[in-house]
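> Give me a 3D structure for the following:
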Amino acid sequence: MHTTTASTVSIPLGSPIAAQALRYTAMYAPKPFAEALLVYRDNGTYTILSPGEDHHGCYVSATDPAEHLRHVGFMSWPSVDWDRNVAAHTLTFEASSGAFTQELRLPGDPIPRAQHGFAVPIEHAEQLDTTAGWDALRDAHADAFATLERLAAGVSTPA
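Numbering: from 1, shown residues only. Reported below is the predicted structural model:
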């Protein structure tokens, strides 16, 4: 008989190197948070914050996150946000319009969930303090979220 013992793996969160403010125009119904802040870290970890989510995971990007993002795969770590389970997200960004599409895959669910919206980069991402929480970060980046609101409403904004 083979037995396994529970063990713990510690993964440090890296330092922020890039961030995006997101505004969803189509969402997964159980997660109806139109706005989010996605923080990319230097060791392949990420943090996402929104009015109802605050979790971490890891990512792999087809381009350097400090440059224009194009295609990024995310795997959330087990968190309360996902009922102590994981979720996989793949985001594809369209740089000229600011639009993104997102495919969400949940364990045991054969049907991927489609989401989409708009994203804008956050300046000086290396200075972000994610421990400040959603409300403080939302206030600090209100201009970025106002730009996203205009994009989502179909109002063009200068690049």
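> now for the lengthiest helix in the chain, which elements pack on it?
Of all the segments of type helix in the chain, defined by DSSP state H, the longest one is helix 142-152. In terms of contacts (3 or more C-beta pairs under 8 Å, 6 or more residues apart in numbering; DSSP states H and E), helix 142-152 is packed against strand 16-26, strand 113-121. In this view, the C-beta of every residue, glycine as well, is placed from N, C-alpha and C.
> tell me the most buried of those?
Among these, strand 16-26 has the highest mean neighbour count (mean count of other C-beta atoms under 10 Å), at a mean of 21.
> Paired strands for that one, with orientation please.
strand 35-41 (antiparallel), strand 113-121 (antiparallel) (DSSP bridges).
> and the most centrally placed residue in the chain, what does it touch?
Nearest to the geometric centre of the chain sits L38, at 3.8 Å (C-alpha atoms, centre = their mean). Listed by C-beta atoms under 8 Å, 6 or more residues apart in numbering, the contact set of L38 reads A19, Q20, L22, Y46, T47, I48, A119.
> from the residues you listed, which is closest to N85?
I48 (15.7 Å; C-beta to C-beta).
> for the longest helix of the chain, what is the average pLDDT?
Average pLDDT, helix 142-152: 96.
> one step back: tell me which of the helices and strands packed on helix 142-152 lies nearest to H141.
strand 16-26 (5.7 Å).
> which residues sit against the closest one?
Strand 16-26 has contacts (C-beta under 8 Å, 6+ apart) with 33-42, 65-66, 69, 100, 114-122, 125-128, 130, 141, 144-145, 147-149, 151-152.
> Would you mind checking the residues you listed for buried ones?
33-41, 65, 69, 100, 115, 117-120, 122, 125, 128, 130, 141, 144-145, 147-148, 151-152 (16 or more other C-beta atoms under 10 Å).
> The one helix or strand F93 maps to pairs with which strands, parallel or anti?
Assessed by DSSP states H and E, F93 sits inside strand 88-94. Applying DSSP bridges, strand 88-94 is found paired with strand 71-76 (antiparallel), strand 99-105 (antiparallel).
> Which positions within that strand qualify as buried?
For strand 88-94, a neighbour-count test (16+ other C-beta under 10 Å) marks H89, L91, F93 as buried.
> so which of those comes closest to P107?
Distance to P107 across those (C-beta to C-beta) is lowest for H89, with 13.1 Å.
> thought that closest one was touching F74?
Yes. Between H89 and F74 there is a contact at 4.3 Å, judged by C-beta atoms under 8 Å.
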